Each structure stands twice: as C-alpha cells, then as structure tokens.
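> A structural model of the following input is requested.
(one chain, ligands or ions: 2)
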Amino acid sequence: MAFPNHVRLVEVGPRDGLQNEPEPIDTQTKLALIDRLGAAGLTHIEAASFVSPKWVPQMADHREVMQGLTRRNGVTYSALTPNLKGLEAALECGVDEVAVFGAASEAFSQKNINCSVSESLERFAPVLERAREANVRVRGYVSCVLGCPYEGEIAPAKVAEVSKALYEMGCYEVSLGDTIGTGTPLKAKRMIEAVARDIPMTQLAAHFHDTYGQALANLYAVMEEGIAVVDSSVAGLGGCPYAKGASGNVASEDVVYLLDGLGIESGIDLNALAATGTWITQTIGRPNRSKVGVALAAK
Ligand code: HMG
Ligand code: MG
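Residues are numbered from 1 along each chain as shown. Ligands and ions are numbered 1, 2, ... in the order given. I've put the predicted structure just below:
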C-alpha cells in the first residue's frame, strides 16, 4: 500500500492536551489556543469534553469553551460526550461533532468511564441515536489498542471487535488510541490490519501517544497501510488522567514536518503551528514536547 496524498489532522490539544493539567487553565487561554490552531490551518479541533467535572476538573468549563468559540469557516469543533447527559449539554452549546470513547481493555474501561466494555456500548447506542436525530456526526474512540496500563498486552482481535461495534452503531470514524504509547511499528501495522478487515481504512484514524517515543514511527507504519487521519496535540501536550504515566499525544508540529517531508498535503502552516506551541507552553508553564517546535523556536 502507498502513502495517502492528503492527511487530515485532528487537533486534540485543547482536550486531550489540557485535560490532565493539575492547575486550572482559564477559559480565555483555551479559547485563544483554539483560535490560533484554526488560524494555523487545522480543520478539525477537539475543543472540549462534556464529562463529569468531578472526574476531569480541567474540562469543567466545557459550556463556556464551546459557546465562546469564534467559529472559522471550514473548521469542525468537536467534543467528547460519554453519555446522553454530555451529549444534550454539547448540543445545547452548538457542537459540530461529538465523540464517544470506549476501550479494548476491560480494566481501562472501568477506570476511565466506570463501566464494562459491553455496558459502554449499551450507553453509546442512545447517544448515537440522539446525535443522528440532531444531525451531528459521532466519532468513536477505542483506547488501549496497543497496550493497557492495567492488563498489559491487548489482542488485535479485541481492538477489531470493539471498533466494529462502534462502526456498526453508526460512528463515521473510529480513532484507534495507543493511550500509553507502548506500541511499536510492526505491532501498530498488525493492529490496523486486523481492524481494517471490518472497517474501510478511510474511516479509521490513528491516535498515538508518545510516551515511549515511538509515535512518529508508528504513524509512518500505519500511513503506509493507508491511514489518512491522524490525531495529534500541539507541543505534544497531554496525557490521560486514568492512565498513570501516559504522556502527551504525538506533537502536531512533528507530524506536519513529517508529512511535509513525505510530500503529503495537510494544509497546515507549520510556522504558525509552531508559534502556537511555543505560546501555549510558555503560557501554561509546560515544556514544549515538539522537537520540531523547539528547533524552529531556536532559529
Ligand atoms: P459515573 O459516576 O458512572 O456516572 O461516571 P453517573 O451517571 O452515575 O453520574 C455520576 C455523577 O456525574 C452525577 O453527578 C452526574 O450528574 C455526573 P452527581 O449526582 O454525583 O453530582 N455526570 C456528568 N456530569 C457532567 N457531564 C456528564 C456527566 N455524566 C454524569 N456527561 C462518567 C460516568 C462517564 C460520567 C465518568 O466516568 C466520567 O466523566 N469519566 C470521564 C473520563 C474521561 O474524561 N477520561 C479522559 C478522556 S478519554 C481519553 O483521554 C482517551 C482518548 O484520548 C483516546 C486514547 O488516548 O486512548 C479519547
Ligand atoms: Mg488520548
């Protein structure tokens, strides 16, 4: 299989990138971040998460963020909605698209959303039904596709089974999450091959965290298989509150640099994106985990 000509980035920095920050980040900073990402050419920005504020305090201002957005033409602003309560609130705020999030690991599902994998699928069914009525597309996440912090190895067949359930339920795209970044390229390829037996490659996305420094190599491997949607986070911000030690997503700047080098279009202005990474990390007092971002800032 050859590389795709175009790769769409789904920028998850404002959600995945910030959800685990211990200190409150004010809503205006989040809004400024989202705006700068849109200005840099990102067409899909995961802006907020309509989850319980007791579980994830950093996302408690989801309404203010979603309602405070300065919308840009051609940009989709999405949010996580784990249940009907979250979906209704997101719809009230005019969300463009939502996402449900499940897992290929029973233990992670319990820790993250307080139910088993099969219970989560039962919970998602009415979310999809209601979203369909409201004409809002639903993305499905599967966590722990290349390893689980509690169970260790995860069989590709289990990832394929949960992905298929989400797809058949109506998720237009299934994003495959290496939540703890333990995957390596061959493993990532085999996992994608297993999932793509049931779901067209065009409906799959790669969501790789970079804990072990493998995310770019893994992306290269799965793009070679035909994956053309990549989730990433500016400056490599982030981590999951229910996966101890997991670090941020692959940095958006690093992905764009890789794509540019491979001659794959993304429509993103690397310099504007890198400047955004420098600005947000300075503003929230975090290290910039994008190697490309750091290199460009030093020029
Ligand atoms: P629960 O306790 O089982 O749910 O939590 P519940 O229905 O019994 O409700 C308990 C309380 O939460 C009630 O409030 C509800 O009103 C409230 P109380 O009566 O105690 O005051 N509640 C809500 N509040 C706001 N918005 C809602 C909502 N639902 C219930 N939507 C629940 C179940 C799913 C809500 C909880 O477990 C939760 O919020 N989990 C969030 C987990 C999370 O956000 N994790 C991080 C995102 S996933 C991720 O990062 C992975 C990903 O990036 C891919 C990858 O990397 O692998 C996507
Ligand atoms: Mg994630």
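
> what about stretch 93-101, how long is it end to end?
20 Å (CA to CA, to the nearest Å).

> Give me the buried positions along that stretch.
93, 95, 96, 97, 98, 99, 100, 101 (16 or more other CB atoms under 10 Å). Backbone N, C-alpha and C define where each C-beta goes, glycine included.

> Out of these, which comes closest to ligand 1?
Proximity of the buried residues of stretch 93-101 to ligand 1 (CB to the nearest ligand atom) peaks at residue 101, which lies at 4.4 Å.

> and the closest residue to ligand 1 within the stretch 101-250 of the chain, how many neighbours?
Across the stretch 101-250 of the chain, no residue is closer to ligand 1 than residue 177, which sits at 2.5 Å (CB to the nearest ligand atom). Counted with other CB atoms under 10 Å, the neighbours of residue 177 add up to 29.

> Okay, now the sheet partners of the helix or strand where it lies, with direction.
Taking DSSP states H and E as the definition, one finds residue 177 inside strand 173-178. If you go by DSSP bridges, strand 173-178 pairs up with strand 137-143 (parallel), strand 204-208 (parallel).

> mind putting those in JSON lines, mean neighbour count and distance to ligand 1 included?
Below are these laid out as JSON lines (neighbours: other CB atoms under 10 Å; distance: least, CB to the nearest ligand atom, whole Å):
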{"stretch": "strand 137-143", "mean neighbour count": "24", "distance to ligand 1": "3"}
{"stretch": "strand 204-208", "mean neighbour count": "25", "distance to ligand 1": "5"}
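
> now for the helix or strand that residue 189 is a member of, which elements pack on it?
Using DSSP H and E, residue 189 sits in helix 185-195. Applying 3 or more CB pairs under 8 Å, 6 or more residues apart in numbering; DSSP states H and E, we find helix 185-195 packed against helix 156-169, strand 173-178, strand 204-208, helix 215-224.

> Output the ones you listed in TSV; the columns should cover distance to residue 66.
Shown next, in TSV, are the helices and strands packed on helix 185-195 (distance: least, CB to CB, whole Å):
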stretch	distance to residue 66
helix 156-169	23
strand 173-178	20
strand 204-208	21
helix 215-224	28
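
> any chance of these in a markdown table, with mean pLDDT and distance to residue 279 too?
Shown next, in a markdown table, are the helices and strands packed on helix 185-195 (pLDDT from 0 to 100; distance: least, CB to CB, whole Å):
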| stretch | mean pLDDT | distance to residue 279 |
| --- | --- | --- |
| helix 156-169 | 98 | 35 |
| strand 173-178 | 98 | 27 |
| strand 204-208 | 98 | 24 |
| helix 215-224 | 98 | 23 |
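
> Tell me which of those approaches residue 262 most closely.
helix 215-224 (8.0 Å; CB to CB).

> low pLDDT regions in the stretch 101-250 of the chain?
Low-confidence segments of the stretch 101-250 of the chain, defined by pLDDT under 70: 239-241.

> Give me every residue in it lying close to ligand 1.
Neighbours of ligand 1 within the stretch 101-250 of the chain, by CB under 6 Å from any ligand atom: 101, 112-114, 141, 143, 177, 179, 207, 209, 240-242.

> quick one: which of those is nearest to residue 59?
Looking across those and measuring by CB to CB, the closest to residue 59 is residue 241, at 9.9 Å.
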